[in-house]
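Novice: Next comes the sequence, and after it the predicted model I'd like to discuss.
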Amino acid sequence: MKEELQEIFTRGRDEEWRVDLRQSVKPTVRTSIPRVRMPELPPDFRITNSREVCEGLSVEQAVLEATRCLDCVNPGCVKGCPVHNDIPGFIKNIERRDFREASRVLRRTTVLPAVCGRVCPQEKQCEAGCTYLKMGKSAVSIGALERFTADLNRTIDRMVHDSMADDEAVHPLYPIKVAVVGSGPSGLAFAGDMARRGYKVTVFEALSQFGGVLKYGIPEFCLPSKIVDREINRLRDMGVNFIKDCLIGRTLSYGDLEKLGYKGIYIATGAGKPRYMDIPGENLPGVMTANEYLMRLNLLEPSVFGANGVALTGKRVAVIGGGNTAIDAARCAVRTGAEETYIVYRRSMDEMPARREEIRHAREEGIRFMTLHNPVRYLPDSKGFLHAMRLEKMELGEPDESGRRSPVPIPGEFVEVPVDIVVVSIGYYPNPPISIPDMEIGKGGKVEVDSETLRSTKAAVYAGGDIVRGPATVILAMGDGRKAADSMAKAFENAFSRISLDY
Ligand code: FAD
Ligand code: SF4
């Protein structure tokens with residue numbers, strides 16, 4: 001963790017109110033409170049619509065959950081958070097019911113708390129570092145508290161007709177224009193930080209809506225579009241300019257951006273190019289990629305399922321893969337009328353990369369998991385449409401480079417399963433790179449950057465998020481955006497100081 005952050009956290013922990021709050025409830029009382037469970041829509045009802053499944057904590061539930069937090073001297077949760085949110089700092093503000101301050105603490109390190117509170121894999125990050133786990137108890141529900149803080153403050157803002165928190169008033173300092181290519185979480189985090197520092201920021205987005213995967217990938221029932229729109233409006237309030245339907249590299253070239261006076265560029269174009277297995281039958285009608293399926297659902301009509309040719313009424317649907325995208329696609333299939341939905345995954349449940357909460361929701365919604373199976377061929381009916389899939393049975397071998405036990409085929413063991421639709425979700429490659437002179441593109445189309453500064457091989461061009469890492473997570477993409485903003489701003493500010501010294 002950066003030293004200055006550590007310093008801020010320590011200072012906060014020693015404040016008088018926080019010392020008093022810690023002492024006001026004995027640790028044994030705190031640890032005896034069971035983890036509060038967030039209310040959820042019942043499975044039978046939620047599969048009939050696209051309403052958000054998790055309903056959020058009430059004020060009393062949030063304060064009770066915040067009381068569980070021990071305000072640790074050496075908080076493992078902060079270390080586990082890729083952007084090092086001051087977790088005890090915001091949680092203790094919830095406990096003392098200063099929700100505004102809780103939001104301020106969070107917004108020091110994240111521009112998308114309402115999003116991260118909903119979609120981050122907390123069980124692998126902050127909550128995995130929580131002291132409660134060492135006691136054999138459930139971690140503090142950090143994600144639910146983050147979401148609570150962001151949602152409550154948005155409601156308060158709306159009530160007072162002031163969408164911008166006091167501490168976010170932006171004072172333009174520099175007449176310097178910077179361009180962001182791509183409006184996913186990485187681009188948005190970069191834009192927010194640069195605007196806060198006083199730069200003139202414009203975000204260029206190829207699609208007709210802003211938000212990247214937050215909008216066209218993650219479905220409405222996990223992350224409502226209006227939540228993403230509000231975060232974007234917050235950035236607009238901070239002075240960020242957004243331009244849609246503009247594919248950089250085609251609508252405008254890198255040279256055009258230079259001519260328009262942009263002095264720095266952050267490339268955050270993501271990884272949306274689907275991978276295929278290259279097996280027979282993959283191009284049959286009835287086989288599609290998760291990207292294609294989710295994009296049609298989310299971008300054409302976010303709130304109405306079953307429209308736009310994506311209704312799967314009465315169909316047997318198999319989704320291939322075990323990541324968040326696969327689970328999202330399967331849960332969409334259930335909501336668009338599929339009669340039977342399977343997840344086909346080549347390893348076991350333990351290796352599945354999707355978030356645990358998503359897996360639980362999928363099970364509750366009737367999705368069947370065919371683990372340790374891998375498709376080898378899709379079979380057509382007499383008219384040439386997909387009719388069945390042939391799966392090879394697998395067992396687990398030695399761990400591979402990902403650290404997970406590798407899937408190994410069991411010789412001669414196959415099974416044929418009738419199916420009408422297959423949605424392939426086995427991973428993505430970086431989106432096609434923008435052609436920029438002297439900018440190096442590495443293996444698999446990833447932009448090559450310096451890992452400390454995220455600067456590319458071309459001066460003043462930085463990159464981060466999935467275009468650099470390959471498919472990853474929202475919080476990592478956001479963390480890159482913040483890191484690149486810090487590096488770019490420092491580079492500009494160094495240049496200013498040199499100019500003033502020369503002068
Ligand atoms: P993206 O979000 O992909 O945004 C890139 C943007 O750049 C897009 O809007 C694209 O249209 C635009 N663009 C591309 N090329 C150009 C160009 N030349 N000019 C202008 N614009 C361009 N992560 C989690 O942490 N939790 C989850 O629950 C989760 N669920 C997921 C579900 C799905 C269905 C998918 C696909 C991913 C999920 N992820 C999840 C992963 C996460 O969403 C990504 O890691 C993250 O969005 C990457 O952010 P990014 O900003 O790098 O790119
Ligand atoms: Fe609170 Fe757990 Fe973090 Fe300790 S590790 S400060 S108990 S959230």
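Specialist: Received, thanks. Residues are numbered from 1 along each chain as shown. Ligands and ions are numbered 1, 2, ... in the order given.
Novice: so who does the closest residue to ligand 2 within the stretch 351-500 of the chain touch?
Specialist: For the stretch 351-500 of the chain and ligand 2, the shortest gap (C-beta to the nearest ligand atom) falls at Ile475, measuring 16.2 Å. Bear in mind the C-beta positions are built from the backbone N, C-alpha and C, glycine included. Applying C-beta atoms under 8 Å, 6 or more residues apart in numbering to Ile475 gives the contacts 81-83, 116, 120, 125, 185.
Novice: does His387 sit in a helix, a strand or a coil?
Specialist: When classified by DSSP: H, G, I helix; E, B strand; the rest coil, His387 comes out as strand.
Novice: For burial, what's the neighbour tally of it?
Specialist: His387 sits with 18 neighbouring residues when counted by other C-beta atoms under 10 Å.
Novice: Surely it and Arg377 touch.
Specialist: No - the pair His387 / Arg377 is not scored as a contact, 11.5 Å apart, by C-beta atoms under 8 Å.
Novice: and Gly129, what does it touch?
Specialist: 75-80.
Novice: 7 Å instead, please
Specialist: Gly129 makes contacts with 76-77, 79-80, as judged by C-beta atoms under 7 Å, 6 or more residues apart in numbering.
Novice: And Thr67, how far from Val105?
Specialist: Distance of Thr67 to Val105, computed by C-beta to C-beta, to the nearest Å: 17 Å.
Novice: Point out the residues in the stretch 101-250 of the chain that sit beside ligand 1.
Specialist: 119-120, 181-187, 204-207, 212-213, 217-218, 247-249 (C-beta under 6 Å from any ligand atom).
Novice: Just the ones in strands from those residues, please.
Specialist: 181, 204 (DSSP state E).
Novice: For the stretch 401-503 of the chain, what lies in contact range of ligand 1?
Specialist: Residues of the stretch 401-503 of the chain found near ligand 1 (C-beta under 6 Å from any ligand atom) are 431, 434, 465-466, 471-475, 477.
Novice: picking that back up, for the record, mean pLDDT for the host helix or strand of the residue of the stretch 351-500 of the chain closest to ligand 2?
Specialist: Remark: Ile475 resides in helix 474-502, with elements defined by DSSP states H and E. For helix 474-502, the mean pLDDT works out to 85.
Novice: Stretch 212-223 too?
Specialist: Mean pLDDT, stretch 212-223: 95.
Novice: again, but for stretch 424-436
Specialist: Averaging pLDDT along stretch 424-436 gives 89.
Novice: next one: stretch 394-412
Specialist: pLDDT averaged over stretch 394-412 gives 92.
Novice: Repeat that for stretch 368-386.
Specialist: pLDDT averaged over stretch 368-386 gives 97.
Novice: which stretches of the protein have low pLDDT?
Specialist: For the chain, residues meeting the criterion pLDDT under 70 lie at 1-5, 8, 155-172, 300-310, 497-503.
Novice: Would you mind listing what in it touches ligand 2?
Specialist: When proximity is defined by C-beta under 6 Å from any ligand atom, the chain lies next to ligand 2 at 69-72, 75-77, 87-88, 130-132, 140, 142.
Novice: More neighbours: which of Thr67 and Val105?
Specialist: For Thr67 versus Val105, neighbours defined as other C-beta under 10 Å are more numerous around Val105 (24 against 20).
Novice: List the contacts of that one.
Specialist: Val105 sits in contact with 86, 89-90, 93, where contact means C-beta under 7 Å, 6+ apart.
Novice: Rebuild these as a markdown table, extending it with neighbour count.
Specialist: As requested, those are exported to a markdown table (neighbours: other C-beta atoms under 10 Å):
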| residue | neighbour count |
| --- | --- |
| Asp86 | 22 |
| Gly89 | 25 |
| Phe90 | 28 |
| Asn93 | 25 |
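Novice: can you tell me which two in those are farthest apart?
Specialist: Asp86 and Asn93 (9.8 Å; C-beta to C-beta).
Novice: Report the contact partners of the closest residue in space to Glu127 that isn't next to it in sequence.
Specialist: Among residues not flanking Glu127 along the chain, Ala139 sits closest, at 3.9 Å (C-beta to C-beta, 6 or more residues apart in numbering). Going by C-beta under 7 Å, 6+ apart, Ala139 touches 127, 130, 132-133.
Novice: show me the contacts for the closest residue to ligand 1 within the stretch 251-400 of the chain.
Specialist: Closest residue of the stretch 251-400 of the chain to ligand 1, C-beta to the nearest ligand atom: Gly270 (2.2 Å). Listed by C-beta under 7 Å, 6+ apart, the contact set of Gly270 reads 182, 184, 212-213, 431, 465-467.
Novice: how about the closest residue to it other than its chain neighbours, what does it touch?
Specialist: Leaving aside its sequence neighbours, Gly270 sits nearest to Asp466 (C-beta to C-beta, 6+ apart; 4.5 Å). When contacts are counted by C-beta under 7 Å, 6+ apart, Asp466 touches 270-271, 430, 472, 477.
Novice: Which of the residues you listed ranks first by neighbour count?
Specialist: Counting neighbours by other C-beta under 10 Å, the top entry in the contacts of Asp466 is Ala477, with 32 neighbours.
Novice: Let me see the contact set for that residue.
Specialist: By C-beta under 7 Å, 6+ apart, the contact set of Ala477 is 184-186, 465-466.
Novice: Report the two of those residues separated the most.
Specialist: Pro185 and Asp466 (9.4 Å).
Novice: quick revisit: in strands only, show me the residues of the chain next to ligand 2.
Specialist: Per DSSP E, the residues of the chain next to ligand 2 never map to strands.
Novice: now that we have those, which one has the most neighbours?
Specialist: Highest neighbour count within the residues of the chain next to ligand 2, by other C-beta under 10 Å: Ile87, with 30 neighbours.
Novice: I'd like the distance between that residue and Ser186.
Specialist: For Ile87, the distance to Ser186 equals 22 Å [C-beta to C-beta].
Novice: Next, the residue of the stretch 251-400 of the chain closest to ligand 1: secondary structure please.
Specialist: At Gly270 the chain is in coil, as set by three-state DSSP.
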